[in-house]
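S.K.: Below are the sequence and a predicted model; questions follow.
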Amino acid sequence: MFDWNEYRQQLLGRIGEIGKISPAITRGYAEISGAGAKTGKLDDKTRELIALAVAVTRQCDGCITVHVDAAVKFGATREEVAEALGVAIAMNAGAALVYSARVMDAYDVISKA
């Protein structure tokens with residue numbers, strides 16, 4: 001198995017290095033990341049479950065380790081994480097189906113040119 005804790009620490013260290021070279025980049029990212037929390041419409045756990053679903057659809061290992069850590073800290077259960085992942089899986093399949101229709105449309109247009 002992958003050592004997600006070690007990976008997260010290495011990743012955060014590298015991101016810290018980027019922040020030292022270009023602090024505006026990491027400040028800007030932190031501002032965007034924290035903006036949703038300021039509305040108070042969703043709780044922290046819900047935001048982290050959404051982040052995990054998005055991390056899966058974007059295939060971002062760094063996002064996975066950071067947001068699993070946060071989800072655990074905000075009390076997300078294994079079952080809640082699994083349900084959020086079910087949404088991600090359904091969305092990926094749906095997106096593949098929609099884009100398959102686009103491919104067929106492109107084929108029909110291009111093959112008649």
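M.R.: Sure, I can see it.
S.K.: Next, work out how far apart S100 and N92 are.
M.R.: 12 Å (Cβ to Cβ, to the nearest Å). In short, each C-beta sits where N, CA and C put it, glycine included.
S.K.: These two: which has the busier surroundings?
M.R.: Comparing S100 with N92 by neighbour count (other Cβ atoms under 10 Å), the higher total belongs to N92, at 14 against 10.
S.K.: can you tell me the helix or strand for that one?
M.R.: Assessed by DSSP states H and E, N92 sits inside helix 78-111.
S.K.: ditto for N5
M.R.: helix 4-21.
S.K.: how far is whichever helix or strand comes after that helix from where the chain is centred?
M.R.: Following helix 4-21 in sequence order, the next helix or strand is helix 23-35 (DSSP H and E). Distance, stretch centre to chain centre, for helix 23-35: 16 Å (Cα atoms, centre = their mean, to the nearest Å).
S.K.: now helix 23-35 against helix 4-21, angle please.
M.R.: 130 degrees (axes from the mean of the first three to the mean of the last three Cα atoms, to 10 degrees).
S.K.: May I have helix 23-35 exported as PDB, CA atoms only?
M.R.: Extracted as PDB, the C-alpha positions of helix 23-35 are listed here (Å, rounded to 0.1, in the frame of the first residue of the first chain):
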ATOM      1  CA  PRO A  23       4.200  33.500  -2.300                       C
ATOM      2  CA  ALA A  24       1.500  35.200  -4.300                       C
ATOM      3  CA  ILE A  25       0.600  31.800  -6.000                       C
ATOM      4  CA  THR A  26       0.100  30.000  -2.700                       C
ATOM      5  CA  ARG A  27      -1.600  33.000  -1.100                       C
ATOM      6  CA  GLY A  28      -4.000  33.100  -4.100                       C
ATOM      7  CA  TYR A  29      -4.700  29.400  -3.900                       C
ATOM      8  CA  ALA A  30      -5.300  29.600  -0.100                       C
ATOM      9  CA  GLU A  31      -7.800  32.500  -0.700                       C
ATOM     10  CA  ILE A  32      -9.700  30.500  -3.300                       C
ATOM     11  CA  SER A  33      -9.700  27.400  -1.200                       C
ATOM     12  CA  GLY A  34     -11.000  29.100   1.900                       C
ATOM     13  CA  ALA A  35     -13.600  31.200   0.100                       C
END
